[in-house]
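Q: Build me a model from this:
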Amino acid sequence: MGQYLVDVRIWMTQYIMSIFLALGILGNLMNIFIFSHKDFRRNSCSLYFLAASIVNVFTVAWGIAPSLYTLKNTDPSTYSYIYCKLRLYTIHTCLMMGRTLIVLACIDRYALCSESVRIRSFCQPKIAIRMIIATLLIWPILTLHVLILENLNGGQCGMTGAYVLIYGLYSTLVAGIIPPLLMTIFSILTIRHRRELRTRLAATGRNRTSKRDQSLVVMLASEVIVYVVTTILYPTITLYRAIANGYPQSAESLQIEAFLGFLGGSFLIYLNSASVFYVYFIGSKSFRKECFMAIRKIMRRTVRVEPMATQLHNTFHHTTHRTARL
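A: Reported below is the predicted structural model:
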């Protein structure tokens, strides 16, 4: 049983997570291209999506690529002190940035549907930019404890002593419970308030809210559902491993624990970061249209570049030929 789980974990890493890496980077780059458009930059929620997609590129690349490298090579965390220190710190920081940005996007959509002018003022691009900058600056500081307490001891990279339990509790609460809870609460409130807003607008005969705002709410709700589903296992297994640390366990129990830790703390976490574009694409008809428009723009630019390149080549060849004749 234990060896079978090891083989399954290696297979999932080598093949499925390789797909996560390729499609995750491609999808997030498409998000960046789409949300960088001038029309989207005027929307505060789109700015959160743009920032989260940029963070996701680093998360997917730095999280998955080293795991693939260690399948055929020695894990650098077993001999490099600097790598041991930086790996968990950078991954955890990027993940917390991404989670915070999505929470802020949920709050943004909730504020948009509020009756209070003061609360609705949160939905401004300039406010979103400030919140994004604050998120990118604050989390590297808040997670410094990981950088300090992660150490390389006897070829093993990890935490020791009482901090194993402390980090387990911290990670369970800060990464596994609070973000999905806030996302769920504000998503539910947003849906409820949007229904009330539609009722009020219909009663007064005023125009409905913009289709883009409706589309962004659908996209955000879809992402929240995927995030909650892919994060359910994480707090449970993290807390269990922290409590069970130091107690004697059989080899088979350790293999099962390691597999569940891989599934909840690595595989599903990176699936969430890699799947964002595809969740948007499936969940929103408006986003699919924007995606197809973006692809056509890329193709038109490619078509324009090729004739220019040919023309430059012909001009250079003609000039070279004349020079040779002279």
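
Q: and the nearest residue to residue 76 once chain neighbours are set aside, how many neighbours?
A: Nearest residue to residue 76 in three dimensions, chain neighbours excluded: residue 83, at 4.5 Å (C-beta to C-beta, 6 or more residues apart in numbering). For every residue, glycine as well, the C-beta is placed using N, CA and C. Residue 83 has 15 neighbouring residues, counting by other C-beta atoms under 10 Å.

Q: is it true that residue 83 lies in a strand?
A: No - the assignment for residue 83, made by DSSP: H, G, I helix; E, B strand; the rest coil, is helix rather than a strand.

Q: The stretch 151-300 of the chain: helices as residue ranges?
A: Counting by DSSP state H, counting those that start in this stretch, one finds helices in the stretch 151-300 of the chain at the ranges 163-171, 178-204, 211-231, 233-244, 251-262, 268-274, 276-283, 285-325.

Q: do you know which of those helices lies nearest residue 78?
A: helix 251-262 (15.9 Å; C-beta to C-beta).

Q: helices and strands around the closest one, which ones?
A: Where contact means 3 or more C-beta pairs under 8 Å, 6 or more residues apart in numbering; DSSP states H and E, helix 251-262 is packed against helix 2-11, helix 233-244.

Q: May I have it as CSV, with CA atoms only?
A: Only the C-alpha atoms of helix 251-262 are listed here, as CSV (Å, rounded to 0.1, in the frame of the first residue of the first chain):
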residue,chain,number,x,y,z
ALA,A,251,5.8,3.2,7.8
GLU,A,252,2.4,2.7,6.0
SER,A,253,0.8,5.4,8.1
LEU,A,254,3.6,7.8,7.2
GLN,A,255,3.2,7.0,3.5
ILE,A,256,-0.6,7.6,3.7
GLU,A,257,0.1,10.9,5.6
ALA,A,258,2.7,11.9,3.0
PHE,A,259,0.3,11.2,0.1
LEU,A,260,-2.6,13.1,1.7
GLY,A,261,-0.2,16.0,2.4
PHE,A,262,0.9,16.0,-1.2
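
Q: Going forward, the N-terminal residue is numbered 30.
A: OK, 30 is where the count begins now, so the last one is helix 280-291.

Q: out of the helices of the stretch 180-329 of the chain, deepest packed?
A: helix 297-303 (a mean of 22; mean count of other C-beta atoms under 10 Å).

Q: for the record, mean pLDDT for that one?
A: For helix 297-303, mean pLDDT is 93.

Q: Give me the packing partners of it, helices and strands only.
A: Helices and strands in packing contact with helix 297-303 are listed as helix 46-64, helix 73-101, helix 110-141, helix 240-260, helix 262-273; criterion 3+ C-beta pairs under 8 Å, 6+ apart.

Q: Can you say which of those is nearest to residue 191?
A: helix 262-273 (10.4 Å).

Q: any idea of the mean pLDDT for that closest one?
A: The model assigns helix 262-273 a mean pLDDT of 82.

Q: Check residue 352 and give its pLDDT.
A: Value listed for residue 352 in the pLDDT field: 44.

Q: Likewise for residue 158?
A: 95.

Q: residues in contact with it?
A: Contacts of residue 158 were listed using C-beta atoms under 8 Å, 6 or more residues apart in numbering, and they are residue 76.

Q: Go through the helices and strands packed on helix 297-303 and find the least confident stretch.
A: Mean pLDDT values for these show the minimum at helix 262-273, a mean of 82.
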